[in-house]
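Peer 1: just need the structure, nothing else, for what follows:
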Amino acid sequence: MNTAVVMGGYSEESVISIRSGQLILNNLDKNRYNPFEVHILPEGWHVLAGGQKYPVNKGDFSFETEGKKITFDVVINTIHGTPGEDGHMQAYWELLEIPYTGCGYYQSALTFNKRDTLSVLSKFNIPKAKSVYLTKGETINRESIAAELGLPFMVKPNQSGSSLGVSKVNSMEELDKALDFAFTEDKDILLEAYLKGTEISVGVLNLNGKITVLGITEIVPHNDFFDYEAKYMGKSDEITPARLDAETDQRVREMAAKIYEVLGMSGFSRTDFIIMDGIPHFIEMNTNPGLSPQSIFPQQAQHAGIPFSDLLDSEVQLALNRKVLWKK
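Peer 2: The predicted structure is shown next:
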């Protein structure tokens, strides 16, 4: 089937996304799929084939080569950040009735918004850090923030990935710089109490129709926290499986699967927690986790002994099943 492997995006994460797309292209079974490399970038949408760039027709997500129109039977979406991880592309493909991998447009929009995700999960007694929400231009009550969160605390863009715009504030004198840094990524930001404990990342997916915890990775950043450098420039130790006792391991697995289920997820995901006193505290969920060679999700698949091509087959089948439901 004609398969669009879509990568890029409009954020600083586009470089990571293109690396993820290359891993997918390298692992697709060419006997089953006819893959096309599709770049969605601010300067345009193009299919790359044979060293040539062919513009994508946004009216029906097709392109032309040698006078022939090519359409896609399925989309494998690996855009990190906007517009492929916040629901925009998913809604577009759904309107065109083109099946796509990953979760639906609503789940994408919800989980990309940290504040709204925390609000939904609070109804299910999921442990998390105390938080304060700010909008650019709003009057900031520093005394109230310090009293609510204590020191240190984290400052994060509400809608961003790859730890872009994230800072740790150790004293109130550092707050202005941290706010400016976060506001470069989003007009809405989240301030969260610092959780001191073991940081883990949990891969969860719907594998052949069953919610499956792929693995648990312990993250030991060389920097003060798991920032962009730690994630993509080798400045962290990532230990799979995480060094957890059996009881904590089971608790993490159950909570990660529960979050995946209550949010109505499908497809690949990576949920981050910090474990304090044996209790996993939710940090965030990524619905298009990085799939570059340095990324955690492929490491977990390798440790689980599951060929990445099998995971992709399952993803494509879920996408095709979704299209069947649209027709009903």
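Peer 1: for residue 58, which non-adjacent residue is closest in space?
Peer 2: residue 45 (6.6 Å; CB to CB, 6 or more residues apart in numbering). Where you see a C-beta, it was placed from the backbone N, CA and C, and this is true even at glycine.
Peer 1: might one say that that neighbour is in contact with residue 59?
Peer 2: No - Residue 45 is beyond contact range of residue 59, at 11.5 Å (criterion: CB atoms under 8 Å).
Peer 1: who has more neighbours, the two?
Peer 2: Between residue 45 and residue 59, counted using other CB atoms under 10 Å, residue 45 has the larger neighbour count: 17 against 7.
Peer 1: ok, residue 195 - contacts?
Peer 2: Counting by CB atoms under 8 Å, 6 or more residues apart in numbering, residue 195 makes contact with 129, 274, 276, 281, 283.
Peer 1: going by distance to residue 55, which of the residues you listed wins?
Peer 2: Closest to residue 55 out of the contacts of residue 195 is residue 283 (39.3 Å), distances taken as CB to CB.
Peer 1: okay, and that closest one sits in which element?
Peer 2: Residue 283 is part of strand 279-286 when elements are defined by DSSP states H and E.
Peer 1: residue 302 now?
Peer 2: Take DSSP H and E as the rule and residue 302 turns out to sit in helix 296-304.
Peer 1: quick one: that helix to chain centroid distance?
Peer 2: How far helix 296-304 lies from its chain's middle: 16 Å, per CA atoms, centre = their mean, to the nearest Å.
Peer 1: and the strand holding residue 283, what's its mean pLDDT?
Peer 2: Strand 279-286 comes out with an average pLDDT of 95.
Peer 1: list the buried ones in it?
Peer 2: Of the residues in strand 279-286, 280, 281, 282, 283, 284, 285, 286 count as buried by neighbour count, 16 or more other CB atoms under 10 Å.
Peer 1: go ahead and confirm the last one touches residue 269.
Peer 2: Yes - using CB under 8 Å, residue 286 is in contact with residue 269, at 6.5 Å.
Peer 1: got the contact list for the nearest residue in space to residue 20 that is not next to it in sequence?
Peer 2: Nearest residue to residue 20, sequence neighbours excluded (CB to CB, 6+ apart): residue 291, at 3.7 Å. Residues near residue 291 by CB under 8 Å, 6+ apart: 19, 20, 21, 23, 24, 78, 268, 297, 298.
Peer 1: cool, thanks, signing off.
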